[in-house]
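Student: take a look and give me a structure for this.
(2 chains)
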Amino acid sequence: MTETATRPADADLAVGASVPAYVRPAGLEAWNRYAAVNDEYVGIHMDDEAGKAAGYPGAIGMGNLIWGWLHCAVDGWIGDRGRLEHLECRFRAPALKGDEITCGGVVTARETAADGAAVLLLDLWADRQNGDRLVTAQARVLLAG
Amino acid sequence: MSGLGLIRPDMLEIVGRPYRQATSYPIGASDIRRWAAAVHFPAPPPARYLDRDAAEDGSLAAPLDFNPFAWGAAETRGTGVEIDLDPAYRSSGAMEHNLGVIPPELKRALNGGVAATYTGVPMRVGDVITTASSVAGYSEREGRLGAMLMTDVVTVWTNQDGDEVKSHRMTLIRY
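Tutor: I've put the predicted structure just below:
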């Protein structure tokens, strides 16, 4: 079989294609596990009173955990077809207990690097169930030759 | 002196100078496995993180966001010119005191964003990672929190062979 530039298997890498949703529940079950591996036993993430003192309804989730979920979203989508070369994000609002966080994204451009490698540019985000955008991000993915 | 007066000349003199260096303990397979399990919860992590053979033959690579310094470093190296930090600034993320410079008089802080550029060099079982952090630059603006100082901190990660793993940038907002 002759491979072409538009193999069906790569249709999800075209400009406009979506990064499949990566959905995770926010709350102490997830935050405690993340605190255990990243030593983030910070009051504002563990204690409702500390969260309220900071102006939130209660304890809030770690930005680092959403950062991790964005990596998972890209990794699960691209697999061994390429690798994440750059990711940057801005934290706009924290996750709260009981939230369902959906990380998603879209391919915004396809470029060719100086060495000839194909590069995908992505817009990414993390939203809570009511549509609030908690995180905005951009990424570069280098496609495997 | 800049417009809002938050960026002093002595602060600009430390831009680009490492203020903290640290070396990790060797990365363990269990460290990687638990990290992946915690981040992917409540789903199981991808099968490659649970592959005992990969763990034993050294081919297991850590997730890109894995932090081998979470529970401490095997070694840290100071600059030799540190000054004491006023306890009032401990929650501000101040770093200037590590290079002998009094931090700006801003006691509150937010994480304004993070960025990482990955070289393709993985972190594997047994690797020892060394980091060097420095201030890449300052900027300031008036915002909803009042006068805000943005500090870009860049940390370069290298492995035991001197190969760069990633460059991590964090924008600290002090106000």
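
Student: so where's chain B shaky on pLDDT?
Tutor: Judged by pLDDT under 70, chain B has its weakly predicted residues at B:1-2.

Student: output the residue of it whose distance to chain A is smallest.
Tutor: Residue of chain B nearest chain A, by C-beta to the nearest C-beta: residue B:115 (3.4 Å). Glycine gets a C-beta too; all of them are placed from N, C-alpha and C.

Student: quick check: closest non-adjacent residue to that residue.
Tutor: Among residues not flanking residue B:115 along the chain, residue A:88 sits closest, at 3.4 Å (C-beta to C-beta, 6 or more residues apart in numbering or on different chains).

Student: ditto for residue A:28
Tutor: residue A:97 (6.9 Å).

Student: quick one: that neighbour and residue A:47 touch, right?
Tutor: No: the pair residue A:97 and residue A:47 does not pass the contact test of C-beta atoms under 8 Å, sitting 11.6 Å apart.

Student: any residues in contact with both of those two?
Tutor: Shared contacts of residue A:97 and residue A:47 (C-beta atoms under 8 Å, 6 or more residues apart in numbering or on different chains): residue A:59.

Student: which one of these two has more residues nearby?
Tutor: residue A:97 (17 against 14; other C-beta atoms under 10 Å in any protein chain shown).

Student: residue contacts, the more buried one?
Tutor: By C-beta under 8 Å, 6+ apart, the contact set of residue A:97 is A:26, A:27, A:28, A:58, A:59.

Student: and the gap between it and chain B?
Tutor: Going from residue A:97 to chain B by C-beta to the nearest C-beta, to the nearest Å gives 15 Å.

Student: who's the most centrally placed residue in chain B bridged to?
Tutor: For chain B, the residue nearest the mean C-alpha position is residue B:155 (5.3 Å; C-alpha atoms, centre = their mean). Following DSSP bridges, residue B:155 is listed with bridge partners residue B:133, residue B:168.

Student: pretty sure it contacts residue B:129?
Tutor: No: in this structure, residue B:155 is not within contact of residue B:129 by C-beta under 8 Å, at 10.7 Å.

Student: what does the helix ranked longest in chain B contact?
Tutor: For chain B, the helix that runs over the most residues, judged by DSSP state H, is helix B:29-40. Defining contact as C-beta under 8 Å, 6+ apart, one finds that helix B:29-40 is touched by A:30, A:33-34, A:36-38, A:65, A:68-69, A:71-72, B:44-46, B:49-50, B:55-56, B:60-63, B:65-68, B:125.

Student: what is the burial count for residue A:80?
Tutor: For residue A:80, the count of nearby residues is 6 (other C-beta under 10 Å).

Student: how about it, secondary structure?
Tutor: What DSSP: H, G, I helix; E, B strand; the rest coil gives for residue A:80 is helix.

Student: next one, pLDDT for it please.
Tutor: Residue A:80 is assigned a predicted lDDT (pLDDT) of 93.

Student: residue contacts, the residue nearest to it when sequence neighbours are not counted?
Tutor: Computed as C-beta to C-beta, 6+ apart, the closest residue to residue A:80 that is not its neighbour in sequence is residue A:144, at 7.0 Å. By C-beta under 8 Å, 6+ apart, the residues touching residue A:144 are A:80, A:81, A:82, A:83.

Student: show me the beta-bridge partners of the residue of chain A at minimum distance from chain B.
Tutor: Ranking the residues of chain A by distance to chain B (C-beta to the nearest C-beta) places residue A:88 first, at 3.4 Å. Beta-bridge partners for residue A:88, by DSSP bridges, are residue A:138, residue B:115.
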